[in-house]
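*Asks:* coords please:
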Amino acid sequence: MKGTTTIRGEIEHFIKERGLTINQFARATGINSGTLSSIINGRRPLSVKQLDQITSVMGLEEGHFFERYIEECIFHSTPDWRRLGPFLYRCMELDKLDCLDTAVRMTLDNTTYLPMLYELAETFVQEAKYKAAMLLYECVAESEKYQHSERLALCQYRLFNHRIENNQESNGQAVVLFEPYLERLNEAYQLGAYLRVINIYSSLNQWDNAQRLAKRMGERLENNMITVSIF
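*Replies:* Residues are numbered from 1 along each chain as shown. Reported below is the predicted structural model:
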């Protein structure tokens, strides 16, 4: 497959090298022949599902074309969420986190994607795909860093929980990064967040900070500004 640089070029080279017709290749992939012809001719966008079908028939490793897909179908076009969302999900499934991060960062100028990226991160958390989720949270938080949104605060809370480990120095850094967002959290998350931050300050022997937040938490509980959360 030397001498070809695009996904479409690779497909055309494969078809020619194997002596196949478009119809034969289409049957092998399970893609409609008219649709496949339009994809190869550049008249129709290529979905990640179709890319997977083509990659399989060509005998290549799953995700083989993902870097080029980002370049050709995301960077040099305006992808809609119907294509971008499934691609990001597939990156997570194949543990191609570099591709996921690159693709997301290419779309951050379009703020309409932020709610969908956040919801996808929540889905990744539910599926215990924490590394992929944290990449999305970081990107959403970076895009909203000048906003006072609840979504930004919750992204920071997810990142904070992920950063906590058995290392006092890193925990100290994590709590300093998160505390400014504490009161921006949805009320349902605030009690758990307060308790965790207070516990970390206590473990670091930062008693003044622990007492300061304990007092503030008590005041907010008295004023019914915090509700109990299981999270």
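*Asks:* Look up how far Arg83 lies from Leu213.
*Replies:* 44 Å (Cβ to Cβ, to the nearest Å). To be clear about C-beta, it is placed using only N, CA and C from the backbone, and glycine gets the same treatment.
*Asks:* Same question for Leu159.
*Replies:* Leu159 is 27 Å from Arg83, by Cβ to Cβ.
*Asks:* Dead centre of this protein: give me the residue that sits there.
*Replies:* A centroid search over the chain (Cα atoms, centre = their mean) returns Leu136, at 3.2 Å, as the residue closest to the centre.
*Asks:* For that one, pull up the helix or strand it's in.
*Replies:* helix 130-143 (DSSP states H and E).
*Asks:* which outside residues touch that helix?
*Replies:* 88, 91-92, 97, 100-101, 104-105, 108, 111, 114, 117-118, 120-122, 124-125, 151-152, 155-156, 158-159, 162 (Cβ atoms under 8 Å, 6 or more residues apart in numbering).
*Asks:* can you pull the buried residues of the helix or strand where Gln190 lies?
*Replies:* Here Gln190, judged by DSSP H and E, is contained in helix 187-203. Residues of helix 187-203 classed as buried under the neighbour-count rule (16 or more other Cβ atoms under 10 Å) are Tyr189, Gln190, Leu191, Gly192, Ala193, Tyr194, Arg196, Val197, Ile198, Ile200, Tyr201.
*Asks:* CSV for those residues, including distance to Gly42 and pLDDT?
*Replies:* As requested, those are exported to CSV (distance: Cβ to Cβ, whole Å; pLDDT from 0 to 100):
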residue, distance to Gly42, pLDDT
Tyr189, 47, 91
Gln190, 52, 92
Leu191, 55, 92
Gly192, 51, 93
Ala193, 50, 95
Tyr194, 55, 95
Arg196, 52, 94
Val197, 53, 96
Ile198, 58, 96
Ile200, 54, 95
Tyr201, 58, 95
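*Asks:* I'd like to know which of the residues you listed is nearest to Ala174.
*Replies:* Using Cβ to Cβ, Ile200 comes nearest to Ala174 of those, at 7.7 Å.
*Asks:* now the closest one, nearest residue through space, not along the chain?
*Replies:* Val175 (4.8 Å; Cβ to Cβ, 6 or more residues apart in numbering).
*Asks:* right, and the one you found touches Phe160 too?
*Replies:* Yes - under the criterion of Cβ atoms under 8 Å, Val175 makes contact with Phe160 at 7.4 Å.
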